[in-house]
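[1] here are the coordinates; sequence isn't available:
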């Protein structure tokens, strides 16, 4: 008789773990537009099934929460707002008295829902239905719904599979005039809820877009402009948001004029993203196509002045403010004005104008954990720095930079120094940087973003010798001139409505980084699209942007699991010494296989049931 047995998984446990993985995939692939009350009930049922039954708050309490939710969702029962208060009180009691995390977190989920989508609860109680936005949701395709600009992803994927690359670019431009830029640097939020994850993993959407722009004609004509309206629109800022708004307004028949502070157009695309990620000639290809619509451009023109803004208000029928966040934030430590302390935006801006700093054989420290920090660290390495250390007050997994950007920086020789907050900067007798002193941190309780808040550890400060310190802790806008004119500004950001209209200032609209703070390229493009549509309405028109392209019907597919084709990188030792492009596009074979993995949600399932794609806006 054995005293102990070596534990092995029985068949039932193996199957259950497989079901857990299936459940995880279903949660990951859960599309937007579903009733949050219904989803909350489903999650609560899962929590109840996990209860061990030891304590009454979890065993009985979660059951009571489910009963209240069932009553709220039941179409045949009378309801009252008192049920919401009962739901809240019950959840509070469970959260405070349950023995383990299963009960407390289930109750916390209910409480977060009561705060986050209370109007959905109230609509079910008052009218026995979901809110109007869910009832009338006409975009059930997850990738399209999650693209801020609403690009027809299944459409151009099908066109790439059919070898119609020019048509794919034209279809992308219906919503996004920067197909090449986004093919290189978009953060691809469209992949987050891709239904392909129910089978294996998300379709490589950016990679497919990259194949289209790599294989289209040298010139893909833009749509012809509509009838001339005679209306003049000023676009303040020549970045992705301003250029997008100008592009759509020009197609609508208006006369946009871009006022750009720098000598070249592109904004942070040119002055914030290094050439190795976005080659300048690829950026220029998109800009040239945009300007071919007949946009007037005035470079080296700084509008951030009350007199210039007043001139624009008098001479133009409308104005769109789309200035980027080009001003750095201070570190806030002793010695930050020493020689050798340089803001990241200044370095990248200089490189955008072909002015390269000299980092040869110098030790460089970069402060920050975002994409800009990674860009400037990798740039410093390419400029000859003997070593580059990235100092961040949180952990690696808490960095806001894309994981591939962090991994790329490490692969190219940069060192991550986690959980270290800048304390002071040491300089020599001439005022030049000698070292950065940092205070060790520990990961504490989660903040609003869900990341552990760093708190000072009871450990002595540490010294990091260096010659150059690059600050990449955030950016802001130059808003003083606009504020003096009367444009509302709060904490350095312009206040605008969701329509981009600036309250109480007739004819002015604003969007992008100057409203939301530093964000992604696709968000700036989406803001430009929204502004163009609403400026058009403001001017008394209702022009519609469309593209008459026949989308291929889907082929029968077996939906078997299939590996995802990833974009390949040049070897780290090779790419880390120059500013040539680091990423390769897909081969023809890879592009066809990847495009074939698309489940064509535009034709199948809810995509067909709710009307498929949006042909115009």
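    Right, received. Where do you want to start? This structure is a prediction, so every number in the text was calculated from the model and none was measured.
[2] between the two ends of stretch 577-585, what distance do you get?
    Across stretch 577-585, the terminal residues are separated by 21 Å (Cα to Cα, to the nearest Å).
[3] what does it contact?
    Where contact means Cβ atoms under 8 Å, 6 or more residues apart in numbering, the residues beyond stretch 577-585 that reach it are 184, 207, 210-211, 214, 274-277, 279, 382, 408, 567-570, 575. In short, each C-beta sits where N, CA and C put it, glycine included.
[4] buried stuff in that stretch?
    Using 16 or more other Cβ atoms under 10 Å as the test for burial, stretch 577-585 gives 579, 581, 582, 583, 585.
[5] tell me the pLDDT at the nearest residue to residue 315 once chain neighbours are set aside?
    On the basis of Cβ to Cβ, 6 or more residues apart in numbering, the spatially nearest residue to residue 315 that is not a chain neighbour turns out to be residue 232, at 7.1 Å. Model confidence at residue 232, given as pLDDT, is 96.
[6] can you give me the neighbour number for residue 232?
    Here the number of neighbours of residue 232 (other Cβ atoms under 10 Å) works out to 17.
[7] residue 482 versus that one, what's the distance?
    From residue 232 over to residue 482 the distance is 20 Å, taken as Cβ to Cβ, to the nearest Å.
[8] and residue 470, by the same measure?
    Taking Cβ to Cβ as the criterion, residue 470 is separated from residue 482 by 29 Å.
[9] got it, and residue 551?
    If you measure residue 551 against residue 482 using Cβ to Cβ, the figure is 43 Å.
[10] same check, this time on residue 350
    Distance, residue 350 to residue 482, by Cβ to Cβ: 26 Å.
[11] who's more crowded, those two?
    Using other Cβ under 10 Å as the criterion, residue 350 and residue 482 rank with residue 482 on top: 26 against 14.
[12] helices and strands around the helix or strand where that one lies, which ones?
    Residue 482 is located in helix 480-485, with elements delineated by DSSP states H and E. Where contact means 3 or more Cβ pairs under 8 Å, 6 or more residues apart in numbering; DSSP states H and E, helix 480-485 is packed against helix 306-315.
[13] give me the buried positions along the helix it packs on.
    Residues of helix 306-315 classed as buried by neighbour count (16+ other Cβ under 10 Å): 308, 309, 312, 313.
[14] helices and strands around it, which ones?
    Helix 306-315 sits against strand 232-236, helix 480-485, with contacts defined as 3+ Cβ pairs under 8 Å, 6+ apart.
[15] one more time with 10 Å
    Under the contact criterion of 3 or more Cβ pairs under 10 Å, 6 or more residues apart in numbering; DSSP states H and E, helix 306-315 touches strand 232-236, strand 255-259, strand 318-321, helix 480-485, strand 508-510.
[16] wait, isn't residue 196 in contact with residue 203?
    Yes - checked against Cβ atoms under 10 Å, the pair residue 196 and residue 203 is within contact range at 5.1 Å.
[17] before we move on, the earlier item: residue 388 versus the residue nearest to residue 315, what's the distance?
    On the measure of Cβ to Cβ, residue 232 and residue 388 end up 48 Å apart.
[18] my guess is residue 337 contacts residue 471, does it?
    No - with contact defined as Cβ under 10 Å, residue 337 does not count as touching residue 471 (11.2 Å).
[19] between these two, which one's more packed in?
    Per other Cβ under 10 Å, whichever of residue 337 and residue 471 has more neighbours is residue 471, with 25 against 11.
[20] how confident was the prediction at that one?
    Value listed for residue 471 in the pLDDT field: 94.
[21] quick one: it and residue 340 touch, right?
    No - with contacts counted by Cβ under 10 Å, residue 471 stays clear of residue 340, the gap being 11.3 Å.
[22] between these two, what contacts are shared?
    Where contact means Cβ atoms under 10 Å, 6 or more residues apart in numbering, the residues bridging residue 471 and residue 340 through contact with each are residue 365.
[23] against residue 16, how distant is residue 10?
    In this structure, residue 10 lies at 10 Å from residue 16, with Cβ to Cβ as the measure.
[24] tell me who's in contact with residue 68.
    For residue 68, the contacting residues are 41, 79, 83, 84, 86, 87, 88, 90, 91, 110, taking Cβ under 10 Å, 6+ apart as the criterion.
[25] count the neighbours of the fifth one for me.
    Meaning residue 86. As a burial measure, the neighbour count of residue 86 was computed by other Cβ under 10 Å and equals 15.
[26] what sits against it?
    If you count contacts by Cβ under 10 Å, 6+ apart, residue 86 has them with 64, 65, 68, 71, 80.
[27] same thing but 6 Å
    The neighbours of residue 86, taking Cβ atoms under 6 Å, 6 or more residues apart in numbering as the test, come to nothing; the list is empty.
[28] so which helix or strand takes in it?
    Per DSSP H and E: residue 86 is located in helix 82-97.
[29] next SSE downstream of that helix?
    Heading C-terminal from helix 82-97, the first helix or strand you meet, by DSSP H and E, is helix 101-116.
[30] pull out the buried residues from that following helix.
    For helix 101-116, the neighbour count (16+ other Cβ under 10 Å) marks 102, 103, 104, 106, 107, 109, 110, 113, 114 as buried.
[31] redo the residues you listed as TSV? Include pLDDT and distance to residue 264.
    Formatted as TSV, the entries for the buried residues of helix 101-116 read as follows, by pLDDT from 0 to 100; distance: Cβ to Cβ, whole Å:
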residue	pLDDT	distance to residue 264
102	89	57
103	90	59
104	92	55
106	91	55
107	92	55
109	90	50
110	91	53
113	90	48
114	91	51
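[32] returning to that earlier point: between residue 196 and residue 203, what contacts are shared?
    Each of residue 597 lies in contact with both residue 196 and residue 203 under the rule Cβ under 6 Å, 6+ apart.
[33] returning to that earlier point: out of the buried residues of stretch 577-585, flag the one nearest to residue 160.
    Minimum separation from residue 160 among these (Cβ to Cβ) is found for residue 585, which lies at 11.7 Å.
[34] wasn't that closest one part of a strand?
    No - membership of residue 585 in a strand is not supported by DSSP: H, G, I helix; E, B strand; the rest coil, which gives coil.
[35] and it, what pLDDT?
    If you check residue 585, the pLDDT there is 94.
[36] so how far is residue 108 from it?
    Using Cβ to Cβ, which is the criterion applied here, residue 585 is 45 Å from residue 108.
[37] same deal with residue 67?
    19 Å.
[38] please apply the same query to residue 447.
    16 Å.
[39] with residue 483 instead?
    41 Å.
[40] same question for residue 536.
    With Cβ to Cβ as the criterion, residue 536 and residue 108 are 45 Å apart.
[41] pick out the residue closest to the middle of the chain.
    With the centre of the chain defined as its mean C-alpha position, the nearest residue by Cα atoms, centre = their mean is residue 520, 5.1 Å away.
[42] least confident secondary structure element in this structure?
    helix 606-609 (a mean of 66; mean pLDDT, DSSP states H and E).
[43] summarise which helices and strands the strand or helix carrying residue 287 is packed against.
    In this structure, residue 287 is located in helix 280-291 according to DSSP H and E. Contacts defined by 3 or more Cβ pairs under 6 Å, 6 or more residues apart in numbering; DSSP states H and E place helix 280-291 against helix 179-185.
[44] next secondary structure after the helix it packs on?
    Sequence-wise, the next helix or strand downstream of helix 179-185 (DSSP H and E) is helix 205-215.
[45] relative to helix 280-291, how tilted is that next one?
    Angular relation of helix 205-215 and helix 280-291 on a 0 to 180 degree scale: 80 degrees, by axes from the mean of the first three to the mean of the last three Cα atoms, to 10 degrees.
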